[in-house]
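Asks: Sequence and predicted structure below; questions after.
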Amino acid sequence: MKLNITTDESHFITGCVNININDYDESSFEEVPHSSCDMVILSQCLGSLPYVKSIDFLTKCASRVRKSGGISIALVDFEALCISYLNGSTESNEVSEVLKENKSAMRFYEVKQLLSKAGITLRKVERKNNLLRITGIKK
């Protein structure tokens with residue numbers, strides 16, 4: 001089973017269990033058993049939830065990854081965004097647009113800790129254009 005989480009139904013993937021994070025509630029994971037997913041994909045959606053809910057949501061997603069299964073996460077890299085703003089390489093209007101579209105921010109360290117607690121080892125971390133892409137595998 002593959003699980004795809006996104007902010008827009010136009011990004012749903014055929015053959016996956018798709019969850020629109022904007023419709024998230026406690027019942028969203030009812031049809032997805034623990035340790036059942038070959039792949040869990042989160043596409044720039046964690047910032048759409050308030051901070052506490054985003055932590056809970058990521059924890060639930062990680063618990064759905066089966067042994068030797070993978071997880072792929074893309075989220076706004078607020079640390080890089082702030083640094084680029086402070087060093088003058090990002091304009092105020094760009095920062096404002098990102099902030100307007102997000103309710104919360106998670107640091108890389110927090111994501112890494114949550115994945116580690118779920119038994120997921122990081123395979124690749126990329127920072128590009130104020131976007132953080134993380135892939136991991138459950139050992």
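Replies: Received it, and whenever you're ready, just let me know what you need. Fair warning: this is a prediction, and the values are worked out from it, not measured in the lab.

Asks: what residues does the longest helix along the chain touch?
Replies: Secondary structure assigned by DSSP state H gives helix 51-63 as the longest helix of the chain. Helix 51-63 has contacts (Cβ atoms under 8 Å, 6 or more residues apart in numbering) with 3, 5, 21, 24, 29, 34-35, 40, 42, 46-47, 49, 71, 73, 103-106, 110-111, 114-115, 117-118, 120. For glycine as for every other residue, the C-beta is placed from the backbone atoms N, C-alpha and C.

Asks: And what about the residue of the chain positioned farthest from its centre, helix, strand or coil?
Replies: Each residue of the chain has a distance to the centre, and by Cα atoms, centre = their mean the biggest one is for Gly88: 27.3 Å. Classification of Gly88 using DSSP: H, G, I helix; E, B strand; the rest coil returns coil.

Asks: Roughly how far does it sit from Glu94?
Replies: Applying Cβ to Cβ, to the nearest Å, the value for Gly88 to Glu94 is 12 Å.
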